[in-house]
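Engineer: Below: sequence and its predicted model.
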Amino acid sequence: MLENIAYTQGLENPEIRVFDFFSLVYVWNRGVSFGMFHNLENSQLIFCIVQFSIATILFFWLYRNEKLHFTYALGLIIGGALGNFTDRVKNGAVADFLDFHIASYHWPAFNLADSFVFIGVMILLFDDLFFNQKK
């Protein structure tokens, strides 16, 4: 949708203000979190290998898992990682489009796959901090 808006309006980075604190934007992230390492040589190949490797390791963890909430958490992380992996292979970058801001302070744009990874990691951390009884 945003790509069509950019094409018809001749904008490189269009913005659709939804609320005072939230906009839809059109940004290509060629790096990792917050665009870090975007100018690394062979970065797309390196990022694809790392993302796919992490997803593979998490599949094995998922297979050995016995807790239902771990299944959800790992499913969210794997799904997000593979979503970004697919975007990176297809487009050479990850499309970020969710932009939250307060006045002139902006959180870097992100996408739903990033959100899924974050939620999955938070479930794992919450479980480890509050429910995992260390002996």
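Structural biologist: Done, it's in.

Engineer: Work out for me the element Arg17 sits within.
Structural biologist: Applying DSSP states H and E as the criterion places Arg17 in strand 15-19.

Engineer: Give me the sheet partners of that strand and which way each runs.
Structural biologist: In the sheet, strand 15-19 lines up against strand 22-29 (antiparallel) (DSSP bridges).

Engineer: coming back round to it: pLDDT on the strand holding Arg17, on average?
Structural biologist: Strand 15-19 shows a mean pLDDT of 85.

Engineer: Please apply the same query to stretch 62-70.
Structural biologist: Averaging pLDDT along stretch 62-70 yields 85.

Engineer: List the buried residues in the strand holding Arg17.
Structural biologist: Residues of strand 15-19 include none that count as buried (16 or more other C-beta atoms under 10 Å). In short, each C-beta sits where N, CA and C put it, glycine included.

Engineer: Can I get that strand in CSV? Just the C-alpha atoms.
Structural biologist: Only the C-alpha atoms of strand 15-19 are listed here, as CSV (Å, rounded to 0.1, in the frame of the first residue of the first chain):
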residue,chain,number,x,y,z
GLU,A,15,4.2,9.1,5.7
ILE,A,16,0.6,8.6,6.6
ARG,A,17,-0.2,10.1,10.0
VAL,A,18,-2.7,7.8,11.7
PHE,A,19,-2.6,9.4,15.2
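
Engineer: what's the distance between that strand and the middle of its chain?
Structural biologist: A distance of 20 Å separates the centroid of the chain from that of strand 15-19, by C-alpha atoms, centre = their mean, to the nearest Å.

Engineer: Could you do stretch 61-73 as well?
Structural biologist: 20 Å.

Engineer: Give the buried residues for it.
Structural biologist: For stretch 61-73, a neighbour-count test (16+ other C-beta under 10 Å) marks 70, 73 as buried.

Engineer: doesn't Phe60 make contact with Ile78?
Structural biologist: No - at 10.8 Å, Ile78 does not count as touching Phe60 under the criterion of C-beta atoms under 8 Å.

Engineer: higher neighbour count, these two?
Structural biologist: Shown here are Ile78 and Phe60; by other C-beta atoms under 10 Å, Ile78 has more neighbours (21 against 9).

Engineer: With that, I have no additional questions.
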